[in-house]
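Visitor: I need the structure of the sequence given here:
(one chain, ligands or ions: 1)
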Amino acid sequence: MTAAPDIGSPPAGRTAAERAVLRLARPYLNRLVGAGLLAAATEFAGLALMATATWLLMSAAGQPPLDRLTVAIVAVRALAISRGVLRYTERLAGHDAVLRMITEVRARVFATLAARRTAGHRSGDVLSRLVSDVEAVQDLLLRVLVPGSAAALVGVLAVGGATLISPLAGAALAVGLLVAGVALPALATVVTRRSAAEVAPLRGALATDAVDLTHGAADLAAFGATDAALRAAEQRAGRLARLERRLAATGFAVDAAGVLVAGLTAGAVVLAALAADVPGVLVGVLAVGSLAAVEVALALVAAARQWTQLRPGLTRVAALLDEDVPTPPTAEGSPHPAGPYDLRFVELAVRYRAGAAPALDGIDLDLPAGRRIAVVGPSGAGKSTLAAVLTGAVRPTSGRVELGGRDLSTYTEQELPRAVGGLLAEAYVFHATVRENLLLGRADAGDDELAAATAAAGLLDWVRAQPAGWDTLVGEEGGQLSGGQRQRLALARALLAAPPVLVLDEPTEGLDPAAADAVLASALAATPAGHSVLLISHRLSGLAELDEIVVLDGGRVIQRGRHVDLVAAPGWYRDQWLLQEAAERGYLALAP
Ligand SMILES: Nc1ncnc2c1ncn2[C@@H]1O[C@H](COP(=O)(O)OP(=O)(O)OP(=O)(O)O)[C@@H](O)[C@H]1O
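Guide: Next comes the predicted model:
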């Protein structure tokens, strides 16, 4: 298995993203073409309405018999009504096609992201892909391709109509339409591309600033860094405002150029028609029709601007969709994986980023079912990465993990949590009651089981002391609990789930030494016999009962054995043990 490619890597070629979107749109092509034709019919009805109304007004000025005008009067009414109806149907058809397609795109993007649960993808990043990047696909079709092709079609029809009246006027209109529909959009893209590319990351940075300045307000104030942080945010906001002003000014100049092109085109068409001796009424029709046709073509300027803004999102979605989504194997995938859960790490290596030092570097470990081991080591040694591989949150770069004789990667997303689970680093406590947080571990647990798990985590007395008991609300992210209580609640939830392979990543973090020893002992005692335990810990106290202790450093196993043997041998474990003992003796001597 190889590490996933960088999430932002663009696909080859400048229009590869658009081609990928069109490939996806293929099943909905009929509907999209229908929407495009309806959009063209809408624009054409508008243009025909202007031309017919002009003919009607100019002809009426000559006071002909009314019956010569009847058809035009009816046509004006019919065109006015049909324009509205056509616009409505076009929106309906376009959105129907695109929303059907987008559901599928979202599902595929989600499946690809879920299959690439390598580290380095933050949840916010994933959310932005699911929401904004997928919307870029929607906008490309609805705001760029459908209106763009409609404008092109109407332009061709308008030139055809004008040519029937006067070929020279048709040629003048064709030139005007090319300037308005091709040259101006290209110019708008070129002059705004650089600023537009800078605006998106700046907006992202400002959103991050807003979060940091509010969530981190207390810490910024404590370190006297509030002013500096505010100044940095203000500078970014100023730069964004300058860029947006520049974009607005450029947009205004392009729009003004569009109006100029419309006027010049109409003028050229009139001159050409006069030179060709076209009757006066038809010259008027050509003039107004040209203005309306250029107006339609100018919609391409807006489409081009939109396209420039959509490109980064499209490129990312296309990069994701180009990947083959590995479908989880189902042949062996019964919902209840067969035990016993012997665990083997074979030459396991994890590298978070190409070129970075490996977080795990050739780990070989055997954990027969029912064995209890601790993984210890200095900060950054790779302990949490080992747990993350085991729970499927991080995929190995090389080597493998076998669970119950099967490669871990063959476990489905339903199977794995039934076999492996526990308390992971920075466990999340939900804004719900104590009971609801616990039932996440095992939905059908009764009160006795809740009480047993909570007692093992040392939280039962606190729950009993609360007026609302199990129904006590814990606040957002457990904000109404102390750090220690939050940790105990998360531990109780893991103990209640009691998976056959229990991972406990720093279960006693935030507890004082005496409480930590007591909680660890009761948690291990509460784990059913036959269940394996992989305990990750900074503290070396309380590990004497474990079957084995594995010391990691720099992603490699540097020592292993039982506690008594490791404290007797020179090495990291004994040094650390002596240091921690001295520190905790000092702490206990000072504790009241
Ligand atoms: N999501 C990530 N992206 C990139 N690198 C990471 C990521 N998580 C961990 N690392 C790197 O992998 C290495 C091992 O980290 P890991 O969290 O597994 O260590 P640890 O032993 O659990 O450390 P600690 O005891 O401080 O929690 C570190 O060098 C760390 O910088």
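Visitor: phi and psi next, for the residue in the stretch 451-592 of the chain that the ligand sits nearest to.
Guide: Residue of the stretch 451-592 of the chain nearest the ligand, by C-beta to the nearest ligand atom: His538 (6.1 Å). Heads up, the C-betas are built off the backbone N, CA and C, glycines and all. With angles defined as degrees, to the nearest 10, His538 shows backbone torsions of phi -90, psi -40.
Visitor: with adjacent residues omitted, what lies nearest to it?
Guide: Across the structure, with C-beta to C-beta, 6 or more residues apart in numbering as the measure, the residue nearest His538 apart from its sequence neighbours is Glu506 (6.6 Å).
Visitor: repeat that for Asp447.
Guide: Leaving aside its sequence neighbours, Asp447 sits nearest to Trp470 (C-beta to C-beta, 6+ apart; 7.6 Å).
Visitor: near the ligand, which residues of the protein are found?
Guide: With C-beta under 6 Å from any ligand atom as the criterion, the chain comes near the ligand at residues Ala119, Gly120, Tyr352, Ala359, Gly377, Ser379, Gly380, Ala381, Gly382, Lys383, Ser384, Thr385.
Visitor: so the third one makes contact with Ala359?
Guide: Yes: applying C-beta atoms under 8 Å as the test, Tyr352 and Ala359 come out as touching, 5.9 Å apart.
Visitor: who has more neighbours, these two?
Guide: Just comparing Tyr352 and Ala359: by other C-beta atoms under 10 Å the higher neighbour count belongs to Ala359, 25 against 15.
Visitor: closest to Asp565 out of the residues of the chain next to the ligand?
Guide: Proximity of these to Asp565 (C-beta to C-beta) peaks at Gly377, which lies at 16.8 Å.
Visitor: could you report the pLDDT at that closest one?
Guide: Confidence at Gly377, expressed as pLDDT, is 91.
Visitor: could you give the number of residues near it?
Guide: Burial of Gly377 is recorded as 25 neighbouring residues (other C-beta under 10 Å).
Visitor: contacts only, for it.
Guide: Under the criterion of C-beta atoms under 8 Å, 6 or more residues apart in numbering, the neighbours of Gly377 are Lys383, Val551, Leu552, Asp553, Ile558, Trp572.
Visitor: ok, of these, which come out buried?
Guide: When burial is judged by neighbour count using 16 or more other C-beta atoms under 10 Å, the buried members of these are Lys383, Val551, Leu552, Trp572.
Visitor: state the distance from the residue nearest to Asp447 to Ala297.
Guide: Counting by C-beta to C-beta, to the nearest Å, the gap between Trp470 and Ala297 amounts to 68 Å.
Visitor: the two: who's more crowded?
Guide: Of the pair Trp470 and Ala297, Ala297 is the one with more neighbours under other C-beta under 10 Å, namely 27 against 18.
Visitor: who touches the more buried one in this structure?
Guide: For Ala297, the contacting residues are Ala151, Gly155, Leu177, Ala180, Gly181, by C-beta under 8 Å, 6+ apart.
Visitor: give me the nearest residue to it, chain neighbours excluded.
Guide: If the residues on either side of it in the chain are set aside, Ala297 comes closest to Gly181, at 3.5 Å by C-beta to C-beta, 6+ apart.
Visitor: in a helix, the one you found, correct?
Guide: Yes: checked against DSSP: H, G, I helix; E, B strand; the rest coil, Gly181 lies within a helix.
Visitor: my guess is it contacts Ala150. True?
Guide: No: counting by C-beta under 8 Å, Gly181 does not reach Ala150; the two are 11.4 Å apart.
Visitor: now do the phi/psi pair for Val429.
Guide: Dihedral pair for Val429: phi -110, psi 130, per degrees, to the nearest 10.
Visitor: how near is it to Pro417?
Guide: Val429 is 18 Å from Pro417, by C-beta to C-beta.
Visitor: more neighbours: which of those two?
Guide: In terms of neighbours (other C-beta under 10 Å), Val429 is the more surrounded of Val429 and Pro417; the figures are 22 against 14.
Visitor: doesn't Gln480 make contact with that one?
Guide: No: Val429 is beyond contact range of Gln480, at 9.9 Å (criterion: C-beta under 8 Å).
Visitor: tell me who's in contact with Ala197.
Guide: The contact partners of Ala197, by C-beta under 8 Å, 6+ apart, come to Pro312.
Visitor: which of the residues of the chain next to the ligand has the weakest pLDDT?
Guide: Looking at these, model confidence by pLDDT dips furthest at Ala119: 41.
Visitor: now do the helices in the stretch 301-450 of the chain.
Guide: 383-390, 415-419, 434-439, 447-456 (DSSP state H, counting those that start in this stretch).
Visitor: against Leu24, how distant is Val109?
Guide: To Leu24, Val109 is 11 Å away according to C-beta to C-beta.
Visitor: likewise for Asp517?
Guide: Distance from Asp517 to Leu24, counting by C-beta to C-beta: 58 Å.
Visitor: again with Val288
Guide: Going from Val288 to Leu24 by C-beta to C-beta gives 41 Å.
Visitor: got it, and Ala521?
Guide: For Ala521, the distance to Leu24 - C-beta to C-beta - is 56 Å.
Visitor: show me which of the two is the more surrounded one.
Guide: More crowded of Ala521 and Leu24, by other C-beta under 10 Å: Leu24, with 19 against 13.
Visitor: buried stuff in the strand or helix carrying that one?
Guide: Counting by DSSP states H and E, the secondary-structure element that holds Leu24 is helix 16-25. Applying a neighbour-count criterion of 16+ other C-beta under 10 Å, the buried positions in helix 16-25 are Ala16, Ala17, Glu18, Ala20, Val21, Leu24, Ala25.
Visitor: for the first one, which non-adjacent residue is spatially closest?
Guide: Once its chain neighbours are removed from consideration, Ala16 has its nearest residue in Ala318; the separation is 6.2 Å (C-beta to C-beta, 6+ apart).
Visitor: what's near enough to touch the one you found?
Guide: With the criterion set at C-beta under 8 Å, 6+ apart, Ala318 makes contact with Pro11, Ala16, Ala17, Ala20, Val21.
Visitor: circling back to that earlier point, out of the contacts of Gly377, list just those in strands.
Guide: Those of the contacts of Gly377 mapping onto strands are Val551, Leu552, Asp553, Ile558, per DSSP state E.
Visitor: next up, the contacts around the first one.
Guide: Same thing as Val551. Contact analysis of Val551 by C-beta under 8 Å, 6+ apart lists Val376, Gly377, Val557, Ile558, Gln559, Arg560, Leu566, Gly571, Trp572, Tyr573.
Visitor: quick check: mean pLDDT across the helix or strand hosting Leu206?
Guide: In this structure, Leu206 is located in helix 184-215 according to DSSP H and E. Computed over helix 184-215, the mean pLDDT rounds to 82.
Visitor: do you know the pLDDT at Glu426?
Guide: The predicted structure scores Glu426 at 68 on the pLDDT scale.
Visitor: one more: the one 10 residues further on?
Guide: The score at Glu436 is 85. That number is its pLDDT.
Visitor: now do the one 3 residues further on
Guide: Looking at Leu439, its pLDDT reads 86.
Visitor: same question, Thr315
Guide: Turning to Thr315, the model gives it a pLDDT of 82.
Visitor: and it, how many residues sit next to it?
Guide: Neighbours of Thr315 under the rule other C-beta under 10 Å: 21.
Visitor: try Gly160
Guide: 12.
Visitor: excluding chain neighbours, give the residue nearest to it in space.
Guide: The shortest distance from Gly160 to any residue that is not its chain neighbour, by C-beta to C-beta, 6+ apart, is 7.4 Å, and that residue is Gly170.
Visitor: OK, contacts around that neighbour?
Guide: Val159, Gly160, Ala162, Thr163, Leu164.
Visitor: neighbour-wise, which of those leads?
Guide: Looking at the contacts of Gly170 with neighbours defined as other C-beta under 10 Å, the largest count falls to Ala162 at 28 neighbours.
Visitor: which residues are in contact with that one?
Guide: Ala169, Gly170, Leu173, Val269, Leu286, Gly289, Ser290.
Visitor: where does it land on pLDDT?
Guide: Model confidence at Ala162, given as pLDDT, is 92.
Visitor: fine, thanks again, bye for now.
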